[in-house]
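# curious how this folds, go ahead:
(4 chains)
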Protein chains: 4
Amino acid sequence: MDLGENAIGRQRWAIPDGYIPAWSHGPDPEMTSHEGLSILNTGDREVEVRITLYFTDREPAGPYRVRVGARRTNHVRMNLLTDPEPVPLGTPYASVVEADAPVVVQITRLDSRQAENALLSTIAFPV
Amino acid sequence: MDLGENAIGRQRWAIPDGYIPAWSHGPDPEMTSHEGLSILNTGDREVEVRITLYFTDREPAGPYRVRVGARRTNHVRMNLLTDPEPVPLGTPYASVVEADAPVVVQITRLDSRQAENALLSTIAFPV
Amino acid sequence: MDLGENAIGRQRWAIPDGYIPAWSHGPDPEMTSHEGLSILNTGDREVEVRITLYFTDREPAGPYRVRVGARRTNHVRMNLLTDPEPVPLGTPYASVVEADAPVVVQITRLDSRQAENALLSTIAFPV
Amino acid sequence: MDLGENAIGRQRWAIPDGYIPAWSHGPDPEMTSHEGLSILNTGDREVEVRITLYFTDREPAGPYRVRVGARRTNHVRMNLLTDPEPVPLGTPYASVVEADAPVVVQITRLDSRQAENALLSTIAFPV
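All right, here's what the predicted structure looks like:
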């Protein structure tokens, strides 16, 4: 398969700590508690990405499919994914991200359960 | 040994900065200060994990044993580990995580010592 | 090309999650919402760095050019970059950092949209 | 040289983003703004660590020397280092950590300049 010119990164990434806080303070959408899965595609063709979610007490869900255009980034809000099923709130999960060409992946969580928001972020683990 | 089909990641991980804040604000358990050790097992068999804790002024403690089912994630709350001994609060420590098949590990801390919570997270270091 | 004595790191880094919050609380400049791109050059000659920004719905912008002296660090405030165009506020983006000798790159965001600031940081991904 | 039995990690690490906030809220020492450089030594002999600090507009400072015992972790508070000179507050810097046997290094910042604290953390970059 043509992996695309100028593509950088890896085709599979893992994120063990997923969690979308179940409530929020502050104006929507900026301050709504969420996880953002940021995907960078520097290549010259669109990339198809499949996200599989792992849970503590049930079989995995997915794949969730998203696309990232050529020379584009897509900051996927996990709480807006609905197909094949909504991502449950207040529930620990983990993610595996698979792309049909190299991309770079980072996860960021904004937690506004209390009056002031908190942030965490890390580059995902390339596997 | 059979490492399991579809297992991804590494079998040993290190986390130098461990610290469970000794007090909290907000509703328990969501807002209780804690460290969560998130372990992802994408493989087709259950994984046994051994956690060893290192301190600044005494010999290591452990191993603490936890299990992660096939195609599951386990978000271990470090403050709930009690065997062979409770993890001390308000005390700097470090962790080494060893699994009998590849996993991916991430550490997240929620600190609610002040009225509003703070978060940190990083993928552990594969060794 | 002479890469410089004592240079450590890599010549290309990617950061998928870029976002400069559009408003702030607290005294300027310390508490102004911003992203800091920290570049370390341990080598014996000045390094030229080119930053390219990727967006969700338009072609990339850049290169933005910055320099890091021999045995120096430069903590670039992304919101102060204006050439070839200002970095838009409140807009998701991603970055690729290319240097003409090895450097190490870390991204940190201070978000003071609410009364209390939040922080995130991660080493960039070497590509 | 004997690198020590059971030592894991690397002997050199870099951290581009260093910054000790110049003021604080809350009880000392827990809530004092600081950076903690967490070093894990799983090996069977004491490790000597040298820290060099890089700045934006002057030559590097150091080495600062710290020791980590066999099977110990040392969470070094950067703001307590005084030899060969105090680490300046409110000043961007970067660090290179060199050890005479493998260790693992993580940096964590607690920023309590506003009433509620913020945290960031990342594994350092192995070089």
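
# other SSEs contacting the lowest-mean-pLDDT helix or strand in chain A?
The helix or strand of chain A with the lowest confidence, counting by mean pLDDT, DSSP states H and E, is strand A:118-123 at a mean of 92. With contacts taken as 3 or more C-beta pairs under 8 Å, 6 or more residues apart in numbering or on different chains; DSSP states H and E, strand A:118-123 sits against strand A:93-111, strand B:93-111, strand B:118-123, strand C:93-111, strand C:118-123, strand D:118-123. No exception for glycine: its C-beta is placed from N, CA and C like everyone else's.

# quick one: closest of those to residue C:15.
Residue C:15 lies closest, by C-beta to C-beta, to one member of the helices and strands packed on strand A:118-123: strand C:93-111, at 4.5 Å.

# the closest one close to chain A?
Yes - with C-beta under 8 Å from any C-beta of the partner chain as the criterion, chain A is reached by strand C:93-111 at C:93-94, C:96, C:109, C:111.

# quick one: buried ones out of the residues you listed?
With burial judged by 16 or more other C-beta atoms under 10 Å in any protein chain shown, the buried subset of the residues of strand C:93-111 next to chain A is C:93-94, C:96, C:109, C:111.

# of all pairs in the residues of strand C:93-111 next to chain A, which one spans the longest distance?
The distance between the two most remote of the residues of strand C:93-111 next to chain A (C-beta to C-beta) is 22.8 Å, for C:96 and C:111.

# up against chain C, what does chain A have?
Counting by C-beta under 8 Å from any C-beta, chain A comes close to chain C at A:8-9, A:26, A:30-31, A:36, A:38-42, A:71-75, A:104-106, A:108, A:110, A:112, A:115-123, A:126.

# list only those of these flagged as buried.
A:8-9, A:30-31, A:36, A:38-42, A:71-75, A:104-106, A:108, A:110, A:112, A:116-123.

# residues of chain A that sit close to chain B?
So chain A meets chain B at A:12, A:14-19, A:54-57, A:59-60, A:90, A:92-94, A:96, A:109, A:111, A:113-116, A:118-125, A:127 (C-beta under 8 Å from any C-beta).

# wait, doesn't residue A:52 sit right on residue A:61?
Yes - counting by C-beta atoms under 8 Å, residue A:52 touches residue A:61, with 7.3 Å between them.

# if we can go back for a sec, between the buried ones among the residues of strand C:93-111 next to chain A, which sits nearest residue A:81?
Distance to residue A:81, by C-beta to C-beta, is smallest for residue C:94 among these, at 19.8 Å.

# spatially central residue in chain A, please.
Central residue of chain A (C-alpha atoms, centre = their mean): residue A:37, 2.7 Å from the mean position.

# ok, now how distant is it from residue C:113?
With the distance defined as C-beta to C-beta, to the nearest Å, residue A:37 ends up 21 Å from residue C:113.

# what's the answer for residue A:47, then?
31 Å.

# and those two? which has more neighbours close in?
Neighbour count, other C-beta atoms under 10 Å in any protein chain shown: between residue A:47 and residue C:113, residue A:47 has more, with 26 against 19.

# show me the contacts for that one.
For residue A:47, the contact set (C-beta atoms under 8 Å, 6 or more residues apart in numbering or on different chains) comprises A:4, A:7, A:39, A:41, A:67-68, A:99-101, A:103.

# if we use 6 Å, what do you get?
A:41, A:68, A:99, A:101, A:103 (C-beta atoms under 6 Å, 6 or more residues apart in numbering or on different chains).

# now swap in residue A:125 and tell me
Counting by C-beta under 6 Å, 6+ apart, residue A:125 touches A:14, B:104, B:123.

# now with 7 Å?
Counting by C-beta atoms under 7 Å, 6 or more residues apart in numbering or on different chains, residue A:125 touches A:13-14, B:104, B:123.

# ok, those vs chain C, which is closest?
Of all these, residue B:123 has the smallest distance to chain C: 8.8 Å, by C-beta to the nearest C-beta.

# so who does the closest residue in space to residue A:77 that isn't next to it in sequence touch?
The shortest distance from residue A:77 to any non-neighbouring residue, by C-beta to C-beta, 6 or more residues apart in numbering or on different chains, is to residue A:34 (5.3 Å). Taking C-beta under 7 Å, 6+ apart, we find residue A:34 in contact with A:20, A:77-79, A:110.

# re the thing from before, between the residues of strand C:93-111 next to chain A, which is closest to residue D:86?
If you rank the residues of strand C:93-111 next to chain A by distance to residue D:86 using C-beta to C-beta, residue C:109 comes first, at 27.7 Å.

# surely that closest one touches residue C:118?
No - in this structure, residue C:109 is not within contact of residue C:118 by C-beta atoms under 7 Å, at 8.2 Å.

# related to what we said a few turns ago, now the buried ones among the residues of strand C:93-111 next to chain A as JSON lines including distance to residue B:83?
What follows is those, written out as JSON lines (distance: C-beta to C-beta, whole Å):
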{"residue": "C:93", "distance to residue B:83": "47"}
{"residue": "C:94", "distance to residue B:83": "44"}
{"residue": "C:96", "distance to residue B:83": "47"}
{"residue": "C:109", "distance to residue B:83": "39"}
{"residue": "C:111", "distance to residue B:83": "40"}
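
# ok, of those, which one's closest to chain A?
Among those, residue C:94 lies closest to chain A (C-beta to the nearest C-beta), at 3.8 Å.

# tell me what the closest one is bridged to.
Judged by DSSP bridges, the bridge partners of residue C:94 are residue C:54.
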